[in-house]
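>>> Prediction below, plus the sequence it came from.
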Amino acid sequence: MFVFTKGKSNDLLSKEISNTVGKYKEVPNSGILKNIDQNMIDQFKKDGFFVFDACLAENQVEAIFEYAKTTPVSYLNTTNNLQQYSKDKVIFNESQPIAPRYDFTNDEILKCSTLQDLIFDFSLLKFAQEYLECKPILDLAAFWWSAPFNGIGKNGAAQMYHFDLDRIKFLKFFFYITDVDTNTGPHCYVKGSHLDLPQKIDRDGRYEDQEIEAIYGKENLIEITGKKGSIIAVDTRGFHKGKELLNGKRLLFQIQFSNSLFGQVSRETNWNLIEEKYKTQASEFLYTFNNIS
């Protein structure tokens, strides 16, 4: 339906959700994004991505990185083109990568206190509410390493252009935990492609760079590089990809807020792993955190 209507079906449903759900009357004006103004929201609505001036503190980046490099995780198994994640877990080894991507589970994410600080950050919730135009729902958190792997597993590692459609409307916050330049896997986004679909897009799936460039123009294909600690908001209904790494490594944390849980089955968050200081917040903003059980 999304492709058939060129995105209009989702837009209409989102308006109905906004009118029905409404917004929180007040969200505390605190958090890592500092001051959120309407110009930021307007620019995000226009382009589909926004790079914040604010960034994570050095001690936050260090804490997250230290946790990630000592925690065993599953990896994308590219043997025989299975494109599935392994049952066994390994410590990420930058010098000898065995996969293009290594993913942490929800429970593994929550065991890092600094990542919980981001999940419950009020400024992210506030920005999400203004963009979604209703109370946002904490949909998912994701955390993963990326490594060079000679083009193997590009599809499963989301290193080809595609659009996401897990929900009706959503946005993601990306946090670079390592420095990201053009050779170490920058997030690539097609500027303005979240607004509607052109007639030439007639299917869901992965697209080669040349296909997207021919449709949208090279000038609209944006590489988002940044120092460790950089924070980016992205509407991944628009075309995007993680660029294949040529060297080094990339560690990235992601939080997604949605206007509805209609769609893909979501991963519930374990209430027992939530720190006490955030349980009250989750109860007060229950609509946002109702995916915690």
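Ah, there it is.

>>> Please make it C-alpha for all contacts and neighbour counts, starting now.
Fine.

>>> Contacts only, for K241.
Residues near K241 by C-alpha atoms under 8 Å, 6 or more residues apart in numbering: 158-162, 187-189.

>>> What pLDDT does the model give it?
pLDDT, K241: 95.

>>> secondary structure element for it?
Using DSSP states H and E, K241 falls within strand 240-242.

>>> Can you point out the buried residues in whatever helix or strand comes next after that strand?
Using DSSP H and E, the next helix or strand after strand 240-242 towards the C-terminus is strand 250-258. Using 16 or more other C-alpha atoms under 10 Å as the test for burial, strand 250-258 gives 250-258.

>>> go on, stretch 274-289?
Neighbour counts over stretch 274-289 (16+ other C-alpha under 10 Å) mark 274, 282, 285, 288-289 as buried.

>>> Spatially nearest residue to T184, not counting backbone neighbours?
In space, T184 comes closest to L245 once its chain neighbours are excluded; the distance is 4.7 Å by C-alpha to C-alpha, 6 or more residues apart in numbering.

>>> The one you found contacts I152, correct?
No. Using C-alpha atoms under 8 Å as the test, L245 is too far from I152 to be in contact (11.2 Å).

>>> the more surrounded of these two?
Using other C-alpha atoms under 10 Å as the criterion, L245 and I152 rank with L245 on top: 23 against 16.

>>> quick revisit: which one of the contacts of K241 is nearest K46?
Closest to K46 out of those is Y189 (13.1 Å), distances taken as C-alpha to C-alpha.

>>> thought the closest one was touching K218?
No. If you go by C-alpha under 8 Å, Y189 and K218 don't touch, sitting 11.2 Å apart.

>>> gap between stretch 149-163 and the chain center?
With C-alpha atoms, centre = their mean, to the nearest Å as the basis, stretch 149-163 stands 16 Å off its chain's centre.

>>> about what we covered before: want to try JSON lines for the buried residues of stretch 274-289, with pLDDT as columns?
Output for the buried residues of stretch 274-289, formatted as JSON lines (pLDDT from 0 to 100):
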{"residue": "I274", "pLDDT": "95"}
{"residue": "A282", "pLDDT": "92"}
{"residue": "F285", "pLDDT": "96"}
{"residue": "T288", "pLDDT": "96"}
{"residue": "F289", "pLDDT": "93"}
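
>>> helices or strands up against the worst-scoring helix or strand of the chain on mean pLDDT?
One helix or strand of the chain scores below all others by mean pLDDT, DSSP states H and E: strand 84-85, with a mean of 89. The contact analysis (3 or more C-alpha pairs under 8 Å, 6 or more residues apart in numbering; DSSP states H and E) places strand 84-85 against strand 74-77.

>>> Is it possible to get the buried residues of strand 250-258 out as CSV so that each row also shows pLDDT and distance to E62?
Formatted as CSV, the buried residues of strand 250-258 follow (pLDDT from 0 to 100; distance: C-alpha to C-alpha, whole Å):
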residue, pLDDT, distance to E62
R250, 97, 14
L251, 98, 12
L252, 98, 13
F253, 98, 13
Q254, 98, 17
I255, 97, 19
Q256, 97, 23
F257, 97, 25
S258, 97, 29
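
>>> circling back to that earlier point, looking at the contacts of K241, which has the most residues close by?
Of the contacts of K241, with other C-alpha under 10 Å as the count, Y189 tops at 27 neighbours.

>>> what kind of secondary structure is that residue in?
strand (DSSP: H, G, I helix; E, B strand; the rest coil).

>>> For Q83, see how far away it is.
23 Å (C-alpha to C-alpha, to the nearest Å).

>>> now P28
P28 is 42 Å from Q83, by C-alpha to C-alpha.

>>> Next: N150.
Going from N150 to Q83 by C-alpha to C-alpha gives 15 Å.

>>> Look at these two and report which has more neighbours.
Taking other C-alpha under 10 Å, N150 and Q83 do not tie; Q83 has more neighbours (17 against 13).

>>> re earlier: who are the contact partners of the residue nearest to T184?
146-149, 183-185.
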